[in-house]
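can't give you the sequence, but here's the structure:
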DNA sequence: CGTTAATATGTTGCGATGCCATATATGGAG
DNA sequence: CTCCATATATGGCATCGCAACATATTAACG
């Protein structure tokens, strides 16, 4: 099914809340923590990261270490934190709404 | 946000589970039962109803009554019932997955 | 009787968002 | 030396909901 659409933003913002993370790490965390249920392709993930940075919700910086390829770590900005809180409320309301509809009949 | 995408199918199938309903009724029920949180425009709803019928998940028939405009009532087919059950499972797994991710950090 | 609102169905074209396929680059395991 | 995991990147496509518009009937209001 086509769930997912729109959930990617919320997931990324959630995952960089506690500390900065890079794209690949975010993608692996989404897959692991969802038990494999949710998975985003790189062609969705990276463009979305740029979009979130352009909007000022994330701030990214390159980190280079010898022995590994350069990574871009994203941290949540102050504005991003507000957006995350608002999206979390919206998500919960939405789920509650859907549940009321899908469960109304089979009570 | 862009939640919703993909949820319309599940909602329609759920709403015609107990008894046949017509498009306008479905749209009003979604709005009411979600407390106004979820709302689909006619340009989403009607084409989706045709699609679900074409796939054999719904079966529609015209009902004409004097004193009102003709309505097309959709009922859930046997196949539609199986699809609904499967989509409900999928939806719940998806929500559980998203919740695990968004809540992992703030425990 | 004319206007407005609610009911009821329908279409064209657009925008947002995720996916497929492909590309580049490095390090470790076999 | 090949394969896999890591890591970032992009062009073109598919899906899905929305805005705007269109048609038709009935009831309520002044």
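That came through fine. The shown structure was predicted, so the numbers you read here are calculated from the model rather than taken from an experiment.

against DNA strand D, how distant is residue A:72?
Using C-beta to the nearest atom of the strand, to the nearest Å, we find residue A:72 at a distance of 4 Å from DNA strand D. For glycine as for every other residue, the C-beta is placed from the backbone atoms N, C-alpha and C.

buried residues in stretch A:29-43?
By neighbour count on 16 or more other C-beta atoms under 10 Å in any protein chain shown, the buried set for stretch A:29-43 is A:29, A:30, A:31, A:33, A:34, A:37, A:38, A:40.

could the residues you listed be laid out in CSV, adding distance to residue B:23?
Rendered in CSV, the data for the buried residues of stretch A:29-43 read as follows (distance: C-beta to C-beta, whole Å):
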residue, distance to residue B:23
A:29, 41
A:30, 36
A:31, 38
A:33, 39
A:34, 34
A:37, 32
A:38, 31
A:40, 33
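
show me which of the residues you listed is closest to DNA strand C.
The closest of the buried residues of stretch A:29-43 to DNA strand C turns out to be residue A:40 (C-beta to the nearest atom of the strand; 4.3 Å).

from the chain's centroid, how far away is stretch A:73-83?
With C-alpha atoms, centre = their mean, to the nearest Å as the basis, stretch A:73-83 stands 11 Å off its chain's centre.

who in chain A is up against DNA strand D?
Residues of chain A found near DNA strand D, taking C-beta under 7 Å from any atom of the strand as the criterion, are A:2, A:5, A:22-25, A:28, A:42-43, A:46-47, A:49-50, A:68-72.

swap the cut-off to 10 Å and go again
Within chain A, the residues that sit near DNA strand D (C-beta under 10 Å from any atom of the strand) are A:1-3, A:5-6, A:21-28, A:31, A:41-50, A:53, A:60, A:62-63, A:65, A:67-74.

for the longest helix seen in chain A, name the packing helices and strands.
Counting by DSSP state H, the longest helix found in chain A is helix A:78-104. Judged by 3 or more C-beta pairs under 8 Å, 6 or more residues apart in numbering or on different chains; DSSP states H and E, the packing partners of helix A:78-104 are helix A:7-15, helix B:7-15, helix B:23-33, helix B:78-104.

mind checking pLDDT for residue A:106?
If you check residue A:106, the pLDDT there is 52.

which ones among the residues of chain A next to DNA strand D are found in helices?
A:23-28, A:31, A:42-50, A:53.
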